[in-house]
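Asker: Provided below for reference: sequence and predicted model.
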Amino acid sequence: MALCLLSKCTAMRNHTVSTGLVLLLATVGGCEAGPGSAKEPPVLTVTSPARSTIRGEGGQITVTGTALPSAQGEAVDKVLVNNVQATLTPDGAFHALIDVGAGAQLIQTVARGVNGATVSDTRSIQTGQLHPVGANIGRAVAAALSADAFAKISAAAGPIIQGLDVPAMLAPLQPMVSAGGSLASLKLFVENLEFTDIKISLVPVQGGLAFSAAITKLDVPAQMKVAGALVPDGTISVRVTADKITVAGTLNVTPNGMAGFKTTLINPDVGITNSHLAGLLPDPIIDLFDLDSAIAFVASKGAELFMGPLVNQALGALGGPQHLDVLGHQLELQVAPSVVDFTPDGGVVELDMKALLAGSETSPGFIQTDNGAPGMDASHGFQLGLADDLINELLAELHALGTLNLSMPQAAGVFDTVQVKMTVPPMISADAADGEMRVVLGDMFATFTSHGTPVGKAAINARVDLKIAPLVAGGSAVGLQLGTPEIHVDTLDDIANATGLDSSDLSKATAACLGAQIDALTKLLVAIPVPSLAGLQLRDLSIGADDGYVMISGTL
């Protein structure tokens, strides 16, 4: 529609022009008529539901209002509410019954005149039960890894294991070997497990992981405490070595609370090549010490210890609690695996999570929606599922902190500042049209001021697609990001608009604020911890939705 400058208007009508990429704020009213003047749309007023409505449950809702002839007298042809034709009475009153599902969605009312000109009103509604922030989100993250993915993780395991703090891991297990009695006894305290190379194989099987490790040039420095009637009490430094050690067995993986996963090696089978013990031991102690048995036990226990951190990185890397800085606020995360399951196709793990931004405890809560169980496919590559409840909890916390309320200077002449206030938290939910997950920023109020005096006001509603992208060079971790917003703007009449500017100027000012909010939301989304898949490079990333989950798929 053609635009009418505010300076030429004798009255202002409440209306909206919506575009996908650009914010257009076009005010119309009793503009001077003349040859070639624009067609005037109807005068639209929506009375119910109110902006920023929150309902406890979904279902049908009645949208009401009036659609009156244009300033030039053209009659109203029809009114559509979310593409549902409203009942329009001769006096201009209308009502339409529409369905609203759980989550957040926009209600767009469009009035069309007989001359073809249209005007619209867009407002948000959120549906669902409020739950306190910081509440536990069951099955907040789900991950699936294929057998091929485990093969790639196996190939990348060596550097991860070599980077472990092995002495600290061994300390609680000491002494690792004990033997003898009152005549002669020994206790072996292992200081470290050193080797030149280690190769790991992890193959998913029913109920666990078939495990094998080949260790080259094992070197075990240790202290042996000896005592008894036949030997003097004391401590002897020893060194146990072997040219090659092979360890095989079934790795049992179970949830271990906020520590992540516990790994246990079942029925280990150990092979030893060319073992040797260096150290001056008394003969009674030499008779007690079974070198190969000691090496077999130490090697199998060491392999079991190594697998704990490796499996945690492969299936989560999320042991908690963790404290992260997000937009200047401390984010406390408590993560605990609840389910881990293996079949020959691969493995599936589910993680419960609590997330709380410091200072957000005053939030009225977040809307929790019913989630099902995401369909995890462990037969190809990897999949991640993030529950929308987890994201919505964080968005509600961010809203409670006022982080998304912005005041931005704008050198526009007739106004110098745009203040944007969020009336409800942003919310992610499935789009009613295509089921894809989108973030809805509902009923943000933008106030334009000049030297502190309000000179105009608008309501902004936006839908933003979720995207997925690697977070670091090489693609070893992924994060959620926001795409280009679809923006809807309504001028409001509770502050007389005295800006005198055309729509493009106002749109730039408002879009700049929205861009800053999207940037802040993206920083929050990328802070959501997701399994890093043992640092492997992620490729062919795609994003979708399934039963209340944001689904991320790819290959390794």
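Answerer: Alright, I've got the coordinates. Numbering: from 1, shown residues only.
Asker: in what helix or strand does P167 lie?
Answerer: For P167, the host element (DSSP states H and E) is helix 166-170.
Asker: other SSEs contacting that helix?
Answerer: Where contact means 3 or more C-beta pairs under 8 Å, 6 or more residues apart in numbering; DSSP states H and E, helix 166-170 is packed against helix 291-315. The C-beta positions use only the backbone N, C-alpha and C, and glycine is treated the same way.
Asker: so where's the stretch 301-450 of the chain uncertain?
Answerer: Within the stretch 301-450 of the chain, the stretches with pLDDT under 70 are 315-320, 411-412.
Asker: give the contact list for A512.
Answerer: Shown in contact with A512 (C-beta atoms under 8 Å, 6 or more residues apart in numbering): M408, Q410, V418.
Asker: circling back to that earlier point, the helix or strand just after the helix holding P167: how far from the chain's middle?
Answerer: Following helix 166-170 in sequence order, the next helix or strand is strand 177-180 (DSSP H and E). Centroid separation for strand 177-180 versus its chain: 50 Å, with C-alpha atoms, centre = their mean, to the nearest Å.
Asker: same question, stretch 540-547
Answerer: Distance, centroid of stretch 540-547 to centroid of chain: 13 Å (C-alpha atoms, centre = their mean).
Asker: repeat for stretch 387-398
Answerer: Computed by C-alpha atoms, centre = their mean, the chain-centroid distance of stretch 387-398 equals 9 Å.
Asker: about what we covered before: give me the mean pLDDT for the helix holding P167.
Answerer: Throughout helix 166-170, pLDDT has a mean value of 93.
Asker: buried residues in it?
Answerer: Within helix 166-170, the residues that count as buried by 16 or more other C-beta atoms under 10 Å are V166, M169, L170.
Asker: residue contacts, the second one?
Answerer: For M169, the contact set (C-beta under 8 Å, 6+ apart) comprises L305.
Asker: over to the one 5 residues further on?
Answerer: Under the criterion of C-beta under 8 Å, 6+ apart, the contact partners of Q174 comprise F189, V190.
Asker: renumber starting at 54 from here on
Answerer: Let's use 54 as the start, then, which means that last one is Q227.
Asker: where along the stretch 404-553 of the chain do the helices fall?
Answerer: Secondary structure of the stretch 404-553 of the chain (DSSP state H, counting those that start in this stretch): helices at 441-453.
Asker: okay, now the nearest residue to V508 once chain neighbours are set aside: neighbour count?
Answerer: Residue nearest to V508 in three dimensions, not counting chain neighbours: A551, with 4.4 Å by C-beta to C-beta, 6 or more residues apart in numbering. A551: 14 surrounding residues under other C-beta atoms under 10 Å.
Asker: same check, this time on T294
Answerer: 16.
Asker: just the C-alphas of the helix or strand containing it, formatted as PDB.
Answerer: Assigned by DSSP H and E, T294 belongs to strand 287-308. Taking Å, rounded to 0.1, in the frame of the first residue of the first chain, the C-alpha atoms of strand 287-308 are listed here in PDB:
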ATOM      1  CA  GLY A 287      59.900 -50.300  54.600                       C
ATOM      2  CA  THR A 288      59.000 -48.800  51.200                       C
ATOM      3  CA  ILE A 289      60.700 -49.800  48.000                       C
ATOM      4  CA  SER A 290      60.500 -47.900  44.700                       C
ATOM      5  CA  VAL A 291      59.600 -50.300  41.800                       C
ATOM      6  CA  ARG A 292      58.800 -50.100  38.200                       C
ATOM      7  CA  VAL A 293      56.600 -52.500  36.300                       C
ATOM      8  CA  THR A 294      56.900 -52.600  32.500                       C
ATOM      9  CA  ALA A 295      55.600 -54.500  29.500                       C
ATOM     10  CA  ASP A 296      56.200 -54.200  25.800                       C
ATOM     11  CA  LYS A 297      52.500 -54.600  25.000                       C
ATOM     12  CA  ILE A 298      49.200 -55.100  26.900                       C
ATOM     13  CA  THR A 299      45.900 -56.000  25.400                       C
ATOM     14  CA  VAL A 300      42.700 -55.600  27.300                       C
ATOM     15  CA  ALA A 301      39.300 -56.800  26.100                       C
ATOM     16  CA  GLY A 302      35.800 -57.200  27.600                       C
ATOM     17  CA  THR A 303      32.400 -55.700  27.800                       C
ATOM     18  CA  LEU A 304      32.100 -52.100  29.000                       C
ATOM     19  CA  ASN A 305      29.000 -51.600  31.200                       C
ATOM     20  CA  VAL A 306      27.900 -47.900  31.200                       C
ATOM     21  CA  THR A 307      25.400 -46.700  33.800                       C
ATOM     22  CA  PRO A 308      24.200 -43.200  35.000                       C
END
